[in-house]
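[1] Provide a 3D model corresponding to the input given below.
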Amino acid sequence: MEEKSGMNLSTPSSLSAPSQTASSGTSWFSGIVRGRSASAKMSTNSSSTAAAASGGDGAEGGSGPINKKHQFRGVMFKYGPKPIQVAFKTGDYRQQVIFIGGLTDGFLATEYLEPLANALEKERWSLVQFLFSSSYSGYGLSSLKQDAIELDQLISYLINKEESEGVVLLGHSTGCQDIVYYLRTNAACSRAVRAAILQAPVSDREFKATLAETPSMIDLASNMISENRGSELMPLEANPDSPITAYRYHSLCAYNGDDDMFSSDFSDDQLKQKLGHMSNTPTMVMFSMGDEYVPEYVDKKALVERLCRAMGGAEKAEIEHGNHSLSNRVVEAVEAIIDFVKRDGPKGWEDPWS
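    All right, here's what the predicted structure looks like:
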């Protein structure tokens with residue numbers, strides 16, 4: 001979901017991610033197997049979580065992941081062949097939370113990332129932020145399929161180079177669709193995903209439907225696709241913030257488009273068809289009850305219940321009065337994320353390939 005124009009991302013096709021070349025001399029499989037015995041122990045002190053979430057206890061200075069406000073301390077690295085494929089990791093641990101931002105997002109996308117890095121440090125987890133082809137203004141020329149390929153390359157890097165023991169995926173807005181799509185592909189490294197958090201899984205289609213120009217632009221995109229011109233750009237007025245192809249516009253804005261996963265007008269069967277595979281992965285739906293990108297006619301509580309049910313009984317965290325990015329509910333966001341990671345992150349590590 002874009003901060004001003006609002007959009008999201010999905011395409012059910014098999015994924016064959018390019019293999020990651022490793023100079024470490026160990027395979028990604030053996031790296032996980034070897035790393036199991038060295039799994040970091042995690043604290044259960046909830047008071048430390050609250051202190052970190054509010055910015056205290058190491059939030060500035062010292063040796064923690066945050067030097068001072070808006071200054072992270074960590075390691076930047078390339079995880080793939082494209083110039084955009086750069087990631088930044090705070091903390092040097094074998095368990096990672098990977099943050100996947102929404103449309104127009106890049107590094108430092110949400111206010112809760114700084115206190116989250118502090119809180120994860122206390123639990124001996126790393127926070128990974130990364131750029132891919134869809135970052136910033138690139139989303140209009142990319143796709144969920146491409147996002148999934150590059151996410152798989154990142155996880156492969158963490159396994160091969162960082163001896164990762166498993167990751168938790170944290171999606172914000174459109175990043176939620178990336179997670180749903182990626183876990184449906186059964187890509188090789190998706191088996192390393194121990195849990196998923198969907199923060200602000202909202203419908204771009206329902207938001208865009210509130211704008212006057214949307215119906216005519218959907219018609220135009222449909223016509224261009226039928227003429228095999230789906231890769232051509234839409235007029236500027238379709239999406240003033242970024243160039244966007246006819247395919248991507250249709251995917252985000254049309255009924256049952258590839259990106260249309262969380263709409264309130266889907267039947268329960270439709271939602272289950274789109275989201276049912278998430279039952280194989282411990283999942284939490286974090287929904288902002290004051291989300292400005294959800295139309296007023298949508299019953300948010302009912303929608304959250306239906307989404308969780310479609311995912312086979314996913315956990316829910318309703319953030320009262322929270323806005324889309326939870327910038328007004330940072331402490332609550334961090335506490336919910338840490339609590340879930342501590343409980344559900346380790347599940348399956350004894351036998352991650354079963």
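[2] please count neighbours and contacts with C-alpha atoms only from this point.
    OK.
[3] the strands in this protein, which residues?
    Ranges of strands within the chain are 66-68, 71-72, 75-78, 86-90, 96-100, 126-130, 167-172, 193-199, 283-288, 315-319, based on DSSP state E.
[4] how far out from the middle of the chain is the last one?
    Mean C-alpha position of strand 315-319 versus that of the full chain (CA atoms, centre = their mean, to the nearest Å) differs by 16 Å.
[5] hang on, the earlier thing: can you tell which of the strands of the chain is closest to Y157?
    strand 75-78 (9.0 Å; CA to CA).
[6] give me the mean pLDDT for that closest one.
    Averaged across strand 75-78, pLDDT comes to 97.
[7] pLDDT weak spots in this protein?
    For the chain, the stretches with pLDDT under 70 are 1-63, 346-354.
[8] let's see 50
    Within the chain, the ranges that satisfy pLDDT under 50 run 4-49, 56-60, 350-354.
[9] what's the nearest residue to the residue nearest to the spatial centre of it if we skip its chain neighbours?
    Centroid-nearest residue in the chain, with CA atoms, centre = their mean: G171, separated by 2.1 Å. Excluding the flanking residues, the one nearest G171 by CA to CA, 6 or more residues apart in numbering is I100, at 4.7 Å.
[10] now the helices for the stretch 151-300 of the chain?
    Assigned by DSSP state H, counting those that start in this stretch, the helices in the stretch 151-300 of the chain fall at 174-185, 204-208, 214-226, 246-253, 268-275, 300-310.
[11] by contact count, what packs against the first one?
    Looking back up the chat, that one is helix 174-185. For helix 174-185, the elements it packs on are strand 96-100, helix 144-162, strand 167-172, strand 193-199, judged by 3 or more CA pairs under 8 Å, 6 or more residues apart in numbering; DSSP states H and E.
[12] only C-alpha atoms, please: export that helix in CSV.
    Extracted C-alpha coordinates of helix 174-185, given in CSV (Å, rounded to 0.1, in the frame of the first residue of the first chain):
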residue,chain,number,x,y,z
THR,A,174,1.9,-4.7,0.0
GLY,A,175,4.7,-6.7,1.7
CYS,A,176,1.9,-8.8,3.1
GLN,A,177,0.9,-9.9,-0.5
ASP,A,178,4.6,-10.6,-1.2
ILE,A,179,4.6,-13.0,1.8
VAL,A,180,1.4,-14.8,0.7
TYR,A,181,2.6,-15.1,-2.8
TYR,A,182,6.1,-16.3,-1.9
LEU,A,183,4.9,-19.0,0.5
ARG,A,184,2.5,-20.3,-2.3
THR,A,185,5.4,-20.8,-4.7
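[13] just the angle between it and helix 144-162, please?
    Calculated by axes from the mean of the first three to the mean of the last three CA atoms, to 10 degrees, helix 174-185 forms an angle of 80 degrees with helix 144-162.
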